[in-house]
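Here's a sequence, model it:
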Amino acid sequence: KLRDSFLAIIGNTTAAANDETDTGTQSITKEQLDFIFLDSKSDVSIRKLKLKNVNSNAGATNIYSRSPSSSIEEDAALWPYTKFSQVLLMQVDNVTIPSLALLSILPAEILNSLPTMVVPPIVSKYLCRGADLMRSGIISMPSKHHGWCVIRAMGNQQPFAVGFVTNGTDPSSIGAETKGVGLQVVTCYGDEIHLSQMDPTAKPLDRGRRSEIGGGIFDNGNYGNVGFIDG
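The predicted structure is shown next:
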């Protein structure tokens, strides 16, 4: 089920029946998908969060996490996080969105196909400190989406946040001198999810699986992106 949810997110429902999804410089293979979501040696856990004082499931969030893979080269090539468990998917009010860890392993052509908001690099630090994304801070956004977008900083191809687009936010309502919240952030680099998946006291590794897009080592706590820094 989680595997199917992921395929729906990337808009490639035929991948389940094929051995490989062609993405140019890289590819997501059936073997990799099976390893991430169905590997018998790893555990996928679920954590359910509910709003306080609410008896129904309204506002409920399900967080699906995967245990780390072994450091064996073949396993790390399929899932590069070998130190800590990582969130795979989040389901908020029955809408499934990808985690930053899952986004970090996607090839460029799949990332480019996702609904994306682009922001100036200076805006990213406010989001990483807990703010929602204001319309005035959005450079560009898609005209079509399924209610959510990933966010990336201009000049960095890898998303650092994911959230829900607010009502009334579209390409005509963003940019300088516009008002209001454009996207409510669900998860972002530097949030509690991110901090629970790393050891802030650990020294940076100089060996390990390195991201082709971000240029960093996945297990160094920055989702394999050297541009993701604290501050």
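
Tell me who's in contact with the residue nearest the centre of the chain.
By CA atoms, centre = their mean, the chain has its centre lying nearest to residue 100, at 2.4 Å. Contacts for residue 100 (CB atoms under 8 Å, 6 or more residues apart in numbering) come out as 87, 159, 160, 161, 162, 187, 188, 189, 193, 194, 223. For glycine as for every other residue, the C-beta is placed from the backbone atoms N, C-alpha and C.

out of those residues, which are buried?
The neighbour-count test (16 or more other CB atoms under 10 Å) marks 87, 159, 160, 161, 162, 187, 188, 189, 193, 194, 223 as buried among the contacts of residue 100.

for these, which one is nearest residue 81?
residue 223 (9.2 Å; CB to CB).

re the thing from before, which ones among the buried ones among the contacts of residue 100 map onto strands?
In this view, those that belong to strands under DSSP state E are 87, 161, 162, 187, 188.

is it possible to export the residues you listed to CSV including pLDDT?
Below are these laid out as CSV (pLDDT from 0 to 100):
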residue, pLDDT
87, 96
161, 97
162, 97
187, 95
188, 96
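
right, and the pair among those residues with maximum separation?
87 and 161 (13.5 Å).

hey, what's in contact with both of these two?
In contact with both residue 87 and residue 161: 100, 187, using CB under 8 Å, 6+ apart.

so where do the helices sit in the chain?
2-9, 30-38, 73-78, 100-104, 108-113, 121-128, 192-195 (DSSP state H).
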